[in-house]
Structures are given as C-alpha cells and as structure tokens.
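Asks: How does the following fold in three dimensions:
(2 chains, ligands or ions: 2)
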Amino acid sequence: MSAIVEVENLTKRFSEDVLAVDDISFSVEEGEIFGFLGPNGAGKSTTINMLTTLLKPTGGKALVAGLDIDKQQDEVRHVIGLVPQDLTVDDELSGRENMYLQADLYNVPRGEAKTRIEDLLKLVNLEDAADRRVKTYSGGMRKRLELAEGLIHRPQVLFLDEPTLGLDIQTRTAIWEYIRDLKKNNVITVFLTTHYLEEADGLCDRVAIIDHGKIVALDTPENLKHSVGGDVISLEVTSEKDLTEDLKRVPGVMDARKEDGQYRIKAANGEELTPVVLKAVWDQGAVVTSVNLAHPTLDQAFLEYTGRSMRDAEQTGNYDKVAASRRARRMH
Amino acid sequence: MLRETWSLTVREMKHWYRVKIQVFMTLIQPIVWLGLFGQAFNFGTFLPPSQIPLIFSGAPDYFSFMALGMLAVNALFTCMFSGMSIVWDRRFGFLNKLKVAPIPRGAVPLSRIMATVVRSLIQVSIVLVIALAFAYIPGLTGLTLKAGFSVTDLLGMFFVLFLLSVAFSAMFTTVALAVENQETLFGLINLLNLPLMFASAALFPTAMMPDWLRGIAEYNPLTWTADALRQFAFVDTAPIHDLWFDIIGLVAIAALLLGISAFVSRKLLSNR
Ligand SMILES: Nc1ncnc2c1ncn2[C@@H]1O[C@H](COP(=O)(O)OP(=O)(O)OP(=O)(O)O)[C@@H](O)[C@H]1O
Ligand SMILES: [Mg+2]
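Replies: Ligands and ions are numbered 1, 2, ... in the order given. Model prediction:
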C-alpha cells in the first residue's frame, strides 16, 4: 500500500485569533476509509476544504494522488470527489436534473450516467421524489441527494464531510453499506469527517481524533480503544470473603478492584477471560449472581485524548453559534 | 468545455422560465417605458417637420427613435442582472460545487453569459413586437420602420444587440464574481445604469446634448448599438458613426470583456 493523501504541516489561519487547522501531518493509504473524528469547530471541514482546492492553506503542503493541492488544482479536481457539509444541490431543479447536471460536470459517459443515476436514486430512496423540485424536499432528502451526487463519478479519492449528519438510522446504515461496497469493488479511498462515534468505529479503517485544529491521536479504532485500557468484566458475587487478591492472581487479569459490592476486572481480552474468572470464583466457593462484560468505547478514547467526552465537547461546542457563524459566512 | 458549459446554460434558462414572475416583470418594464415615456415625451411635435429625421437619426417621430434605443436599454438591463445568479449560487453553496468540479473555470461565467444573451434577445424581440403593435392602437404612436425594411436589416439589428449583450453580460458576470456580495453588486449596478443609459444616444438624440456629454456619449457602446440599429431601421439617418465603426467597436469591446472574464475567473474560482 502507498499513501494517496500526504499532508505535511498543513495550517489554516483565518485571522489573528482563529487558527482553524494547526500544523497537522498525516497520510492516508490508498484504498482505506480514513476518518476525521472531532467536535464542532475542530477544523475537520477546513482540512477537507483545503484538500479539495476550496481553501488556500496558510502553511504546509499536501499531495492528493501525488498532486499538489495548491500548485496543481486543476489536476487534483480530476481525481477527487467531494460531498460537502453544507448542501449545494439546486433547489429549482428536480432531484434527477441535479444528478444529470452533476454527471455533466464530471463528464460521466452519458449511457453510464443513466444507469448510475437510477441506481443511486434507488440507493438513497429518492426514486419516487426524483422528479419533484428539490425545494419541496426535506432536509434529510436533500442530504441524500447530495450524497448520491457525490458518488456518480467514482473518483480516486472521495471526500465526505459529515456524510450522514441528520440522516435517520436506516439511511445511515444503507450509506455505510454502500461505502463499504464501493471500497470492496473499486480502487477508491474515502476520507470522511464525522462526529458520530459509531461511524468512525464501524466504518473507518483508521481514525484521527482532531481537536482545536490538532491531531491528538491517529490509529485503527481497535487500537485507539485499547490504548485507553482493556475490557472490563464486572461481577456480583455472594461471598463473605474479599476475592480481590484471588482475582488478581488469575493469569490474564490486568487489574481487579472491589467497588460498591462489585468486582471490576480489567483484561485485554474479556471474552476469553470471563470463563476463567468465573471458574476462579467458584473455586473459592462463592456464587456469581451477575456478570457484565464491557468493551472500551471510542468515546473513552476521545475522553482520554481530548480531556472531555464527545458529548460534552458537543455541548460546550455551541452548535448553534457555530452554525450561525457558518450561515453568516456564506452570506459573503 | 462544451458539455458542462451547455449543461450550466440550460440550468440558467430553467431558473429563468421556472420563475414565471421574473419573465413577467421583464416584459412589464419595457411596456411601461414605451407606453409612458415614449408616448408622453413625444416632443417631436414641437419641432418643425423638416428637422425631425435630422435630429432623430432618420426616425419619423420620437417614439420610433426611442423604441430602438429601448431595445438596447432593455438588453443592458437584462445583462446587468446576469451576475445575480452568481451571487445566489455563492450564497447557497452551489458555487462551491462548481469550484471543486473538474471544469475549466471559464465555463462558469461563459454559461451565464450565454444564458443572458439568449434571454436578452428573446426579450428584445418581444419589445420590438410591442413597439410595432403600438401603431395599431388608436391614439398611440407606434414604431415605423423604413419602407423596404428587409430580413437582412433585421438580422443586422439582432447581430448588434447580440454583441451588446455579450459585452455587458460579460462585464456584470465578472463584477459579480469579484464582489462576493449582493449589496455591493446592487450598488454597482445602480451606480452604472443611469449614466450608461443617459449618456448615450439610446433615449435622447446626441444633437440635443451639451458638448461635453455628447463627447462621452459618442463612445458609449450603448450609443454604438442604437446608432447601428437606426442605420438598419431608418433611411437618411445622419449617423453618429459609420456603421462599420459601430460594429467593430462592439466586437472589440465584447471580445475584450469576454477575455477579462475568462482571465479573472481563473483567479477568482481557484482556492482562496
Ligand atoms: N471562512 C471562515 N472564516 C473564519 N473562520 C472560519 C471560517 N471557516 C471556519 N472558521 C473557523 O474555523 C474553525 C474550524 O471550523 P471547521 O468548519 O473546520 O470545523 P469542523 O470541525 O468542520 O466543525 P463542525 O463539526 O461544526 O462541522 C471554527 O472555529 C470556525 O469558526
Ligand atoms: Mg464541518
């Protein structure tokens, strides 16, 4: 595998006090699904906009498919696709007309365009609404159309900025499925941003956690989760005796503690260790009344690396304020 | 280059005719102008009859004179708003779609220019028909063309209106690409439209202007257009310029403004 997106010291400063992307470096391997996970205002869109030739970097450099995003903009545009966060579909046209326009912009062969358009409209569940004007669509329908548009021309690198934001769970799952298929059947690299933990976890091969314009961690979702600690087995036991020391001696147990009448046992691999631990308890003559096995979540990883949980970050991120400032920005 | 430019031009046209009220408004305005302005200011009646064709470039009356000027003014007004769609597209994010698409940057202004030119020529045809139809309404003056007015003359008229439309739509499209917001664009349109219209031979004969104003008006593309139109439509026009001067002037300005538009869009539609 070789790197298809290479980013070195990329920086974007909007003004004195707004440093949106702060000297980030990373690379994306060809054929992988790479995710940017971060709260509102972290700099995800700004990074994507620089990589897709919409914004000029203040510093650093980046190559997409070996092409310089600043010096070879025309060439870069031929190999990428973008589904932006802010909708760009045309209200006055119908869904289908929007799709055909997109096919023309990307020079998709006409015969091919027709089949792809019908397939994609079906995928995003818009066949019935396809001939209605987009201004009669709901927010979710627009988003689905936008996504379908982005998939028409099968680019080498596909950038998806919050592809499933605001979609219901069925559509979201269908989109994930499609992205996985796309990757299976084509040589395509997907770079996506999200603040859905499940999306980063279930879809991405590797995830970069970005906060305040900096990449604070980058690894596979598995490794990220394990880096903050292993699985936790919780046991409720009826026993006079304190079993903590006995549990600690079980091979494979990393740590054991008694909290509120429950034993919490940390282990690298909870599935394999649970029966062993249960046996150890029985051997002490105690009775287990309840068992619970918890895997570490990406949210814990997020907490570990950014010092706050994703949900808190979202809440203090002032979504309304960010959204309002984005709306205001577009007025210019 | 062709496919996306064509596709975007079609999109522009769809926007235009789907917003019915817009089509309606663009028709109302020339009717009002021709009806009120053209009829009320029919000040030819104050001139000795022998003077009329001399002052009105061969037109038999003021209405006929100004009706042809109105064709040029109507084309100008249509073109002034050619940039509006760019402002809206920026606002609604559509411009970003065009910016990331692998299309030549010039396709963006070119498609607007083409759509505007088509629109402008359609509207101008309607204004022409209305001006001619006025002759059949009792009590009103209508447009009277020369005896022996031919298809060639008509094509000539449309050709100069085409050149004028290309020039002005290129100009205002480029301005819209550069200014980035609606208020500034409106400001510029307001700033430019009255001087362009009144410092020209479109609505008033240059013969009646003070020297300084005539000096300016003679080099206004709107004057070249009106002057050429009258040379096609009337006899003994006592033209301001030679017909070829008018046409070559319009070709030159249209080519120059198209060139600027293509050049500027390369800069303005790249990353910034
Ligand atoms: N054009 C702009 N001018 C000024 N500041 C900007 C501009 N675009 C973004 N910013 C600021 O840069 C920071 C990063 O914004 P960005 O849109 O990249 O965040 P994000 O990670 O995509 O967030 P979200 O999850 O809300 O989409 C924010 O503080 C934002 O206010
Ligand atoms: Mg964003």
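Asks: Compute the number of surrounding residues for the nearest residue to residue A:69 once chain neighbours are set aside.
Replies: Nearest residue to residue A:69 in three dimensions, chain neighbours excluded: residue A:62, at 4.8 Å (Cβ to Cβ, 6 or more residues apart in numbering or on different chains). In short, each C-beta sits where N, CA and C put it, glycine included. Applying other Cβ atoms under 10 Å in any protein chain shown, we find 23 residues neighbouring residue A:62.
Asks: what do you get for residue A:45?
Replies: Neighbours of residue A:45 under the rule other Cβ under 10 Å: 22.
Asks: Tell me which residues touch it, please.
Replies: Residues near residue A:45 by Cβ atoms under 8 Å, 6 or more residues apart in numbering or on different chains: A:84-85, A:161, A:193.
Asks: Among those residues, which are located in strands?
Replies: Among the contacts of residue A:45, the residues falling in strands (DSSP state E) are A:161, A:193.
Asks: quick one: which of the contacts of residue A:45 has the most company?
Replies: Most neighbours among the contacts of residue A:45, by other Cβ under 10 Å: residue A:193, with 26 neighbours.
Asks: for that residue, which residues make a bridge with it?
Replies: Residue A:193 has these beta-bridge partners by DSSP bridges: residue A:36, residue A:161.
Asks: so how far is residue A:57 from it?
Replies: Remark: distance between residue A:193 and residue A:57 (Cβ to Cβ, to the nearest Å) = 17 Å.
Asks: burial of the closest residue to residue A:216 other than its chain neighbours, as a residue count?
Replies: Of all residues beyond its chain neighbours, the one nearest residue A:216 is residue A:305 (4.4 Å), with distances taken as Cβ to Cβ, 6+ apart. Neighbour count of residue A:305, defined by other Cβ under 10 Å: 17.
Asks: Residue A:305 in helix, strand or coil?
Replies: helix (DSSP: H, G, I helix; E, B strand; the rest coil).
Asks: sorry, back to before: include pLDDT and distance to ligand 2 when you put the contacts of residue A:45 into TSV, please.
Replies: Formatted as TSV, the contacts of residue A:45 follow (pLDDT from 0 to 100; distance: Cβ to the ion, whole Å):
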residue	pLDDT	distance to ligand 2
A:84	93	9
A:85	91	5
A:161	94	6
A:193	95	6
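Asks: Taking the contacts of residue A:45, tell me the two that lie furthest apart.
Replies: Using Cβ to Cβ, the contacts of residue A:45 span at most 10.6 Å, a distance reached by A:84 and A:193.
Asks: quick one: low-confidence ranges for chain A?
Replies: Along chain A, segments meeting pLDDT under 70 span A:1, A:308-332.
Asks: That one: strands as residue ranges?
Replies: Applying DSSP E to chain A gives strands spanning A:3-15, A:18-29, A:33-37, A:59-64, A:67-68, A:80-83, A:157-161, A:189-194, A:206-211, A:214-219, A:231-238, A:253-259, A:262-267, A:287-294.
Asks: near ligand 2 at all, the longest one?
Replies: No - taking Cβ under 5 Å from the ion as the criterion, strand A:3-15 and ligand 2 are apart, separated by no less than 12.8 Å.
Asks: what are the pairing partners of that strand, and which direction each?
Replies: Partners of strand A:3-15 in the sheet, by DSSP bridges, are strand A:18-29 (antiparallel), strand A:59-64 (antiparallel).
Asks: Those strands: which one's closest to ligand 2?
Replies: For ligand 2, the closest of the strands paired with strand A:3-15 is strand A:18-29, at 10.2 Å, according to Cβ to the ion.
Asks: List the buried residues of that closest one.
Replies: For strand A:18-29, burial by neighbour count (16 or more other Cβ atoms under 10 Å in any protein chain shown) applies to A:19-22, A:24, A:26, A:28.
Asks: In the stretch 101-250 of chain A, which residue sits closest to ligand 1?
Replies: The stretch 101-250 of chain A approaches ligand 1 most closely through residue A:195 (5.7 Å), counting by Cβ to the nearest ligand atom.
Asks: Please export the alpha-carbon coordinates of stretch B:261-272; CSV is fine.
Replies: Below are the C-alpha coordinates for stretch B:261-272, written out as CSV (Å, rounded to 0.1, in the frame of the first residue of the first chain):
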residue,chain,number,x,y,z
SER,B,261,-14.0,37.4,-17.7
ALA,B,262,-12.1,34.2,-18.6
PHE,B,263,-8.9,35.6,-17.1
VAL,B,264,-10.4,36.8,-13.9
SER,B,265,-12.5,33.7,-13.3
ARG,B,266,-9.3,31.6,-13.3
LYS,B,267,-8.1,33.6,-10.3
LEU,B,268,-11.4,34.0,-8.5
LEU,B,269,-12.6,30.4,-8.8
SER,B,270,-9.4,28.9,-7.5
ASN,B,271,-8.6,28.2,-3.9
ARG,B,272,-8.6,31.4,-1.8
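Asks: separation between the residue lying closest to residue B:27 once chain neighbours are set aside and residue B:35?
Replies: Excluding the flanking residues, the one nearest residue B:27 by Cβ to Cβ, 6+ apart is residue B:126, at 6.1 Å. For residue B:126, the distance to residue B:35 equals 14 Å [Cβ to Cβ].
Asks: With residue A:279 instead?
Replies: Taking Cβ to Cβ, one finds residue A:279 at 100 Å from residue B:35.
Asks: between these two, which one's more packed in?
Replies: Using other Cβ under 10 Å as the criterion, residue A:279 and residue B:35 rank with residue B:35 on top: 14 against 10.
Asks: about what we covered before: reformat the strands paired with strand A:3-15 as TSV; add distance to residue A:232.
Replies: Converted to TSV, those look like this (distance: least, Cβ to Cβ, whole Å):
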stretch	distance to residue A:232
strand A:18-29	31
strand A:59-64	40
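Asks: of these, which approaches residue A:189 most closely?
Replies: Closest to residue A:189 of the strands paired with strand A:3-15 is strand A:18-29 (Cβ to Cβ; 6.1 Å).
Asks: just checking, residue A:47 touches residue A:24?
Replies: Yes - assessed by Cβ atoms under 8 Å, residue A:47 is found in contact with residue A:24 at 7.0 Å.
Asks: So which residues make contact with stretch A:242-257?
Replies: A:230, A:237, A:258, A:263-269, A:272-273, A:276-277, A:280-281, A:284, A:286.
Asks: Can you say which of those are buried?
Replies: Among the contacts of stretch A:242-257, those scoring as buried are A:230, A:237, A:263-267, A:273, A:277, A:280-281, A:286 (criterion: 16+ other Cβ under 10 Å).
Asks: Out of those, the closest to chain B would be?
Replies: Nearest to chain B out of the buried ones among the contacts of stretch A:242-257 is residue A:230 (Cβ to the nearest Cβ; 43.2 Å).
Asks: circling back to that earlier point, joint contacts of residue A:84 and residue A:193?
Replies: Counting by Cβ under 8 Å, 6+ apart, the residues touching both residue A:84 and residue A:193 are A:45, A:48, A:161.
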